[in-house]
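K.L.:
Pasted the sequence and its predicted model underneath.
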Amino acid sequence: MARARVLLLNPALGPLDYRVDREHAVEPGSIVLAPLGPRQLAGVVWEPERMPSDAEVGDNRLRPLLGVYDLPPLGAPLRRLIEWTSDYYLSPPAAVLRMALSSASALDASRTVTEYRLTGRVPDRMTPMRTQALERIGERQGLVRELATIADVSDAVIRGLVKAGAIEAVEVSVEDPYPRPDPAFARPTLSAEQAQVAGTLAGAVSARGFQTFLLDGVTGSGKTEVYFEAVARALDEGGQTLVLLPEIALTEPFLRRFEGRFGHQPVAWHSGLRQSQRRRAWRAIASGEAKVTVGARSALFLPYRDLRLIVVDEAHETSFKQEDGVTYHARDVAVMRGNFEGCPVILASATPAIETRHQVAIGRYRELKLPDRFGGATLPDIAAIDLTAHPPSRQHWIAPPLVRAMEETIARGEQALLFLNRRGYAPLTLCRTCGHRFQCPNCTAWMVEHRLIRRLQCHHCGHVMPPPAECPECHEADSLVACGPGVERIADEVAELFPDARTALVTSDTMWSPAKAAEFVGRMEAREIDIVIGTQLITKGYHFPELTLVGVIDADLGLAGGDLRAAERTFQQIMQVAGRAGRGEKPGHVMIQTHGPSHPVIKALVAGDAAAFYAAETEARRDANAPPFGRYAAIIISAEDQRQAAETATLIGRTAPRIEGMAVYGPAPAPMAMLRGRHRQRLLVHAVRALDVQSAIREWLGGLEWPRSVRVSVDVDPYSF
Ligand code: ADP
Ligand code: ZN
C-alpha cells in the first residue's frame with residue numbers, strides 16, 4: 001500500500017502519514033489536501049527519511065488523502081531550504097512552509113478572482129462614509145475587504161455601494177501571462193571597470209554553480225547597472241532571477257528603472273499586493289513563466305521553477321531581518337537558497353555588514369569592487385558640525401552653519417536634503433508642571449506626537465490617542481510640551497527659516513503608496529522642490545543629480561544605547577544618506593550635526609575612511625566574541641500576565657544547560673519589556689561560533705513545559721539587544 005508523509009499547513013503539527021489511493025499520483029513536493037479530524041487541510045508530501053514523524057500509524061489506521069492540487073510540486077531545493085530554515089531558526093517547518101504557499105491563497109483552484117470597482121454612478125443616498133469610499137477608491141479595484149481597507153470603511157459600506165450600483169463586480173484572470181523582459185532592450189555602455197565586474201557575474205550565471213559575491217561599490221558607482229548584466233544573462237538563458245529589496249518603498253523606483261533597461265516590468269512580490277496579483281504572481285513563478293521577480297524578503301520562499309540568480313540589493317540593510325513569526329535574516333537565507341539551487345548570489349552594497357566583510361576575509365564570498373562613482377561624479381565631502389560650538393537657537397535644531405549652507409544651495413538653484421530618522425513631530429510629550437510623560441498603555445514606549453494627523457501614536461503597536469487638552473495627572477491645562485524633534489518639527493523649522501522655499505516631507509506617514517513615491521520623484525526631477533526633509537525612507541536608491549547638500553540633524557541618535565550594531569548602523573546610515581549628494585556633475589556636500597565630533601564613527605565618516613572604521617569595528621567584535629566571531633540567540637518569554645512570564649523565564653533560566661563555550665544571561669526584562677500588551681522576559685545565549693547552539697536550545701526547551709498562555713520564541717542571531 002502506498003503511504004505518504006505530509007507536512008500540513010499548521011505550525012502546531014508535525015508531519016503526518018496518509019494513505020494514497022490509486023487515483024492519486026503523488027511525489028515528494030506534491031501539494032495535497034488531507035483530512036485532519038473533521039477538517040481538511042492542505043500540505044506538502046515530504047520524503048519520510050528527511051522528516052521524522054512522532055506518530056507512527058499502522059497501515060490499517062491510515063486515513064486517505066483527499067486530493068492532489070493541480071499545481072507544480074515544490075522542488076527539492078525549496079524543500080531543503082524549508083528544512084534548513086526550520087532547523088537554523090528553530091521554527092516549526094510548517095511555519096516556514098506557510099511562507100512558501102503564501103497564506104494558501106495560491107491553493108485556490110479557480111482561474112479568476114471576483115474584484116470590485118467603481119461604476120461611476122453616484123448612489124441616490126450618500127453618507128459621509130460612502131463619500132469617503134468613493135473618493136479613496138478612485139481607479140483602484142480589489143476584493144470587498146481590500147477596497148474597505150483602502151477606503152478605511154467597513155465591508156458593509158462597500159457592500160452597500162454594490163447594492164446601490166456605485167460599485168460593480170469584475171472577473172480578473174489569474175492566468176494572464178506576464179510580458180517577458182528583453183535582455184537587449186536598452187543595454188548601457190559599461191565603463192571598463194563595470195564591464196569587467198559584469199563579465200564575472202554573467203559568467204557565474206552561465207557556469208550554473210553556487211557562489212556568493214559581494215558587489216562592493218560606492219554609492220553611485222553603477223552597481224545596479226552591473227548586476228542587471230547578470231540578470232540579462234539569466235534571461236538570455238531562459239532562467240529565473242530573484243531580486244530582493246529591503247523595503248516595499250523601493251519597489252516602485254526599481255520597477256521603473258528595470259522597465260527602462262529591459263522594456264517590461266518584472267513581477268513584484270510584497271505584502272501590498274492584492275489577492276489576485278498574489279495568485280497570478282505565485283502561479284507564474286511556480287510555472288517558470290515569471291522570469292524576474294522583485295520582492296521583499298518573503299519572496300525568498302516562493303517556488304521558483306528554475307532559479308539561476310539571486311540578487312540582494314542594499315544587502316547591509318537591517319530590515320532584511322524578520323522580527324515577527326519565523327525570525328530569519330533574508331540575506332543569509334538568500335545565500336542558503338543559492339546553495340540549494342546551485343546558482344550564484346550577489347550581495348550588493350556600498351556599506352556591507354561586518355558579517356559579510358568577514359565572509360570575504362575568510363574566503364567564503366568573493367568580493368568585486370567598484371571604487372569610483374560612474375561618469376566622473378565624485379564622492380561628497382563630509383564635515384561635522386560641533387553642536388556645542390554652534391548651537392541652534394532655542395527650540396530649534398538646525399545649526400547656523402547648516403542654515404548658511406542651505407541658503408547657498410538654494411540660491412544656486414540646487415536641492416538640499418535634511419535627514420532625521422524620527423517620524424512625527426516630537427518623540428515625547430511631557431507635563432511641565434508634574435513631569436507626567438505620555439506612555440503607550442501596551443508597550444514600553446513613549447507616545448509620539450504626530451501633528452499632521454493630530455494624534456499621539458505608539459510606533460510599536462499603533463495605539464493612538466487624541467492630543468490631550470490637559471495633563472491627565474495634575475489636570476493642568478496648557479502645561480504639555482513637545483520634547484525633541486521629529487521630521488515634522490524640522491519641516492516646521494524649515495518653513496520658518498525659508499518661507500519661500502518649496503519643501504517636501506518624506507516619511508512613511510506621507511509617502512505610504514507607490515503612487516506617492518512616484519509623485520515625489522517626479523517633483524524632484526522637475527525641480528519643484530528645494531528642500532527635502534526625510535526619515536531613512538529617503539536614504540536609499542534615489543538618484544537626484546541636482547541634490548548637492550545633505551544635512552544630518554542628529555548623528556548621535558543611533559549611537560546612544562548599548563546596541564551591538566549601533567556604531568555600524570550609524571556609519572552605514574550616514575554613508576547611505578551622504579550618498580544621495582552630488583550624484584550628477586555638481587559636487588556634493590554633507591554636514592553632520594553632532595555633540596561628539598571625536599567619536600570614532602564621526603571621525604571615520606569625516607575622514608572618508610571606511611577601511612579604518614571596518615578594521616576597528618571588526619577588532620572590537622573579536623574582543624567581545626560578538627558576531628561574526630561568537631554568536632547569540634535570544635529566548636523571549638512573553639505573556640499577558642506578568643507573573644506567568646516571569647515564572648516561566650525563571651524555570652527556563654534555572655534549567656539552562658552547562659556547556660563549555662556557552663553562557664546564558666538572564667532572565668531579565670527584554671529590551672521592549674512590554675510589547676502589544678504582553679510582558680516580555682529574555683534569556684540571552686552567547687556562544688563560541690563552533691558550538692551548535694540550535695541543538696543545545698532544542699534539547700533544553702524540548703524537555704520543559706509551560707502554561708499555554710505563555711509564548712516562548714527563539715531569535716537566532718538577534719538584531720535587537
Ligand atoms: P549604485 O546602485 O551603485 O548606487 P546606480 O546603478 O544607481 O549606482 O548608478 C548611478 C547612476 O549612474 C544611475 O543614474 C545610473 O543610471 C548611471 N549609470 C551607471 N552606470 C551607467 C552606464 N554604464 N551607462 C549609463 N549610465 C550609468
Ligand atoms: Zn504600543
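P.N.:
Perfect, thanks for sending it. Numbering: from 1, shown residues only. Ligands and ions are numbered 1, 2, ... in the order given.

K.L.:
Next, the contact list for residue 79, please.
P.N.:
Residue 79 is in contact with 28-29, 44, 46-47, 50, counting by Cβ atoms under 8 Å, 6 or more residues apart in numbering. Every residue, glycine included, has its C-beta placed from N, CA and C.

K.L.:
Return the members of these classed as buried.
P.N.:
Buried subset of the contacts of residue 79 (neighbour count, 16 or more other Cβ atoms under 10 Å): 28-29, 44, 46.

K.L.:
Distance to residue 92 for the residues you listed - can I get that in JSON lines?
P.N.:
Formatted as JSON lines, the buried ones among the contacts of residue 79 follow (distance: Cβ to Cβ, whole Å):
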{"residue": "28", "distance to residue 92": "19"}
{"residue": "29", "distance to residue 92": "19"}
{"residue": "44", "distance to residue 92": "14"}
{"residue": "46", "distance to residue 92": "13"}
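
K.L.:
Using JSON lines, lay out these together with distance to residue 155 and pLDDT.
P.N.:
Conversion of the buried ones among the contacts of residue 79 to JSON lines gives the following (distance: Cβ to Cβ, whole Å; pLDDT from 0 to 100):
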{"residue": "28", "distance to residue 155": "41", "pLDDT": "96"}
{"residue": "29", "distance to residue 155": "37", "pLDDT": "96"}
{"residue": "44", "distance to residue 155": "32", "pLDDT": "96"}
{"residue": "46", "distance to residue 155": "38", "pLDDT": "96"}
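
K.L.:
Output the strand of greatest length in the chain as CSV, restricted to C-alpha atoms.
P.N.:
Secondary structure of the chain per DSSP state E: the longest strand is strand 662-675. Below are the C-alpha coordinates for strand 662-675, written out as CSV (Å, rounded to 0.1, in the frame of the first residue of the first chain):
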residue,chain,number,x,y,z
MET,A,662,28.2,28.7,26.0
ALA,A,663,26.9,31.2,28.6
VAL,A,664,23.3,32.1,29.4
TYR,A,665,22.5,35.5,30.8
GLY,A,666,19.2,36.4,32.5
PRO,A,667,16.3,36.2,32.7
ALA,A,668,15.8,39.9,32.6
PRO,A,669,13.2,42.1,31.1
ALA,A,670,13.5,42.1,27.3
PRO,A,671,14.7,45.3,25.6
MET,A,672,11.0,46.0,25.0
ALA,A,673,9.8,44.9,28.4
MET,A,674,6.2,45.2,27.2
LEU,A,675,5.0,44.9,23.6
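
K.L.:
after it comes which helix or strand?
P.N.:
strand 678-688 (DSSP states H and E).

K.L.:
any residues touching the next helix or strand after that next one, and which ones?
P.N.:
Later in the chain than strand 678-688, the nearest helix or strand by DSSP H and E is helix 693-702. For helix 693-702, the surrounding residues in contact (Cβ under 8 Å, 6+ apart) are 87-88, 90, 631, 633, 635, 652, 655-657, 659, 662, 685, 687, 712, 714, 716.

K.L.:
Which single helix of the chain contains the most residues?
P.N.:
Longest helix of the chain, by residue count under DSSP state H: helix 192-207.

K.L.:
Please determine whether the following helix or strand past that helix lies in contact with ligand 1.
P.N.:
Where DSSP H and E defines the elements, the next helix or strand beyond helix 192-207 is strand 211-217. Yes: using Cβ under 6 Å from any ligand atom, strand 211-217 comes into contact with ligand 1 via residue 217.
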